[in-house]
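>>> what shape does this take:
(one chain, ligands or ions: 2)
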Amino acid sequence: MKLLSATQIRQWDEFTIKNEPIVSLELMERAANACTRWLLQNTLAGTYYIFCGKGNNGGDGLAIARLLYNAGRAIKVFILESDAKGSDDYISNFRILHHLSAIPIYQVRSEKDLPVIPEECILIDALFGTGLNRGLTGLAAQLIDHLNNAGAPVISIDIPSGLFCDQSSRGHSIIRARHTLTFQVLKMAFLIAENAVFFGQVHLIDINLHPSYPDLVDTPFYIINQSMARRIYRPRTAFAHKGNFGHALIIAGAYGKTGAAILSTRACLRTGAGLVTAHVPDRSVSILQTAAPEAMVFPDPEADHIATLGYTPELFSATGIGPGIGTGVKTKFFLRGLLEHEALKLVLDADALNIIAGSPGLLNHLPPGSILTPHPREFSRLFGEQDNDFKKMEIAISKSMELNVIIILKGHHTLVALPDGTGFFNITGNAGMAKGGSGDVLTGMLTGLLAQGYSSKEAAIMGVFLHGLAGDLAAGARGMEAMTATDIIENIGSAFQQLL
Ligand SMILES: NC(=O)C1=CN([C@@H]2O[C@H](COP(=O)(O)OP(=O)(O)OC[C@H]3O[C@@H](n4cnc5c(N)ncnc54)[C@H](O)[C@@H]3O)[C@@H](O)[C@H]2O)[C@@H](O)CC1
Ligand SMILES: [K+]
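Ligands and ions are numbered 1, 2, ... in the order given. The predicted structure follows:
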């Protein structure tokens, strides 16, 4: 699914107005009706304090005020005054509301007009929407602070006021909403970790924008959804045998970190690789074979860490390296040697990335199409600290293009950055996965998919989707606190079944 910019979302409104056709005031009425339905179903009858700007977001707020009033709710409307005349649809809605003399309308012209807000009221934020063109200052910023400090729940219309749709908002005054009722599509701002404190729970409000528009525009950004994963998935055929599904190699573990190797190996097995071999330190062999009897093992001659490439890595269909291997000197040399094999299909995670961060020259030796799976700290070690998460996303994409690798920047909404300059956001997954071992599971899954012949792009996109979905199923069964990485593995099968 395409992820649209603020400009494209505005053009989509205009396209709908022209091609449905519908007059823009009616489209606003449709949006306001959908929001009002949500508010009536989800909020208890208290007084709604509705704060409106003078653009179309404010127009939405005024229309919602009228519809809530018509539904019998108590309303107070506050207009953030400015020299601006107001958008046409704002003015139309203001006139209609003005005639309903029972609704009090207050103007906020200076600090002394900031109202006292009772804690039990419901605040509706319709100050600024996707038309925000600079950070809020002056009275607008004071009003935002006032609302944030009021203690009453805030429900933002379309986007929390002050938050930019598709650029960093760091350092600005922004509404902290408990709920955001956003029109038609997710905004990029909701996928970026640094914004998490602002939008609360996001609810998509369908306003029936014209379905043809997204097909007509290009965007570098996409959201990974079930139908995208389904298009990638190739169900096994009845006559298949284990030779059809490749032989995966997992290089993982060190003394005290055998668990990482077990998790990766088991995740790889559960993802469908025909054969899995785990290369682990000698002392880890028996525990690994007990925990994952379906896997074969290559015991490293070293007792406690990975050091020796005693086989031809090209014989394996795909290789995952990194979980729990440490960054010891011998392991560093091992990785250096492995990267000399240019034809490998490689997944690099955890300490493999930390080793590379310590010797950045190795970045230029990654086999084309390798998948790197850094979490934000590993990413900073590899590519430097960035001022904000949008910048981080840009760097992920530019490094992916420069190095011809796939970078999976892990987070609540993991980003898959591809060498063609596109970025795919994953929306499965939950905070219960923010635990040791989840990343090891992803490494095993990606390696298992590569081994079965999925391309790096296919494996990355479907892999992060399935990993998050398995996590969601685990959270549903166990709860986010109690679920473990093993529970994610146990749910990989059910996640696959949702692709059938
Ligand atoms: N176009 C349409 O048909 C629809 C638009 N909708 C609403 O329209 C919104 C977008 O409306 P607009 O484009 O009018 O923009 P906004 O309502 O976001 O308002 C922006 C207005 O504030 C001014 N402004 C921007 N940044 C400012 C700042 N930092 N300080 C002070 N003033 C600032 C702008 O000059 C503009 O006049 C959406 O978020 C959505 O709520 C919905 O009604 C659905 C239909
Ligand atoms: K808003």
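
>>> average model confidence for the helix or strand hosting Ala495?
In this structure, Ala495 sits in helix 492-497 according to DSSP states H and E. Helix 492-497 shows a mean pLDDT of 98.

>>> so which elements touch that helix?
helix 258-271, helix 456-478 (3 or more CB pairs under 8 Å, 6 or more residues apart in numbering; DSSP states H and E). C-betas here are computed from N, CA, C, even on glycine.

>>> just name the most buried of these.
helix 258-271 (a mean of 29; mean count of other CB atoms under 10 Å).

>>> what does that one contact?
248, 250, 252-253, 276, 278, 280-281, 284, 287-288, 291-292, 294-295, 320, 323-324, 350, 437, 440-445, 447-449, 451-452, 463, 466, 485-486, 488-489, 492-493 (CB atoms under 8 Å, 6 or more residues apart in numbering).

>>> which among the helices and strands packed on helix 492-497 is found nearest to Gly151?
helix 456-478 (30.3 Å; CB to CB).

>>> A strand includes Arg170, no?
No. Applying DSSP: H, G, I helix; E, B strand; the rest coil, one finds Arg170 to be coil, outside a strand.

>>> list the contacts of it.
With contacts defined as CB under 8 Å, 6+ apart, Arg170 is in contact with Glu194, Asp387, Asn388.

>>> between those, which is closest to ligand 2?
Glu194 (18.6 Å; CB to the ion).

>>> I figured the closest one hits Asp387, correct?
No. In terms of CB atoms under 8 Å, Glu194 does not count as a neighbour of Asp387; the distance is 10.0 Å.

>>> these two: which has the busier surroundings?
Glu194 (14 against 10; other CB atoms under 10 Å).

>>> please tell me how far the more buried one sits from Thr428.
Using CB to CB, to the nearest Å, Glu194 is found at 21 Å from Thr428.

>>> narrow the contacts of helix 258-271 to those that are buried.
Listed as buried from the contacts of helix 258-271 are 248, 250, 252-253, 276, 278, 280-281, 284, 288, 291-292, 295, 320, 323-324, 350, 437, 440-445, 447-449, 451-452, 463, 466, 485-486, 488-489, 492; burial here means 16 or more other CB atoms under 10 Å.

>>> just the ones of those residues in helices?
Among those, DSSP state H puts 288, 291, 350, 440-445, 447-449, 451, 463, 466, 485-486, 488-489, 492 in helices.

>>> which one of the contacts of Arg170 sits closest to ligand 1?
In terms of CB to the nearest ligand atom, no member of the contacts of Arg170 lies closer to ligand 1 than Asn388, at 18.1 Å.

>>> list the contacts for the closest one?
Contacts of Asn388 (CB under 8 Å, 6+ apart): Ser168, Arg170, Glu194.

>>> same deal with Leu353?
Contact partners of Leu353, counting by CB under 8 Å, 6+ apart, are Gly322, Leu372, Thr373, Pro374, Glu378, Arg381, Leu382.

>>> near ligand 2 too, which of these?
Applying CB under 5 Å from the ion, the subset of the contacts of Leu353 adjacent to ligand 2 is empty.

>>> any chance of a markdown table for these, columns secondary structure, distance to Ile232 and pLDDT?
Formatted as a markdown table, the contacts of Leu353 follow (DSSP: H, G, I helix; E, B strand; the rest coil; distance: CB to CB, whole Å; pLDDT from 0 to 100):
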| residue | secondary structure | distance to Ile232 | pLDDT |
| --- | --- | --- | --- |
| Gly322 | coil | 24 | 98 |
| Leu372 | strand | 20 | 98 |
| Thr373 | coil | 18 | 98 |
| Pro374 | coil | 23 | 98 |
| Glu378 | helix | 26 | 97 |
| Arg381 | helix | 31 | 97 |
| Leu382 | helix | 27 | 98 |
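
>>> buried members of those residues into ChimeraX, please.
ChimeraX command restricting the contacts of Leu353 to the buried ones, with burial defined by 16+ other CB under 10 Å:
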select :322,372,373,374,378,381,382
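
>>> among the contacts of Leu353, which one sits closest to ligand 2?
For the contacts of Leu353, the nearest to ligand 2 is Pro374 (33.8 Å; CB to the ion).

>>> what's near enough to touch the nearest residue to Glu490 once chain neighbours are set aside?
Counting by CB to CB, 6 or more residues apart in numbering, Glu490 lies nearest to Ala474, which is 7.1 Å off, once chain neighbours are set aside. For Ala474, the contact set (CB under 8 Å, 6+ apart) comprises Gly432, Met483, Asp487, Ile488, Glu490, Asn491.
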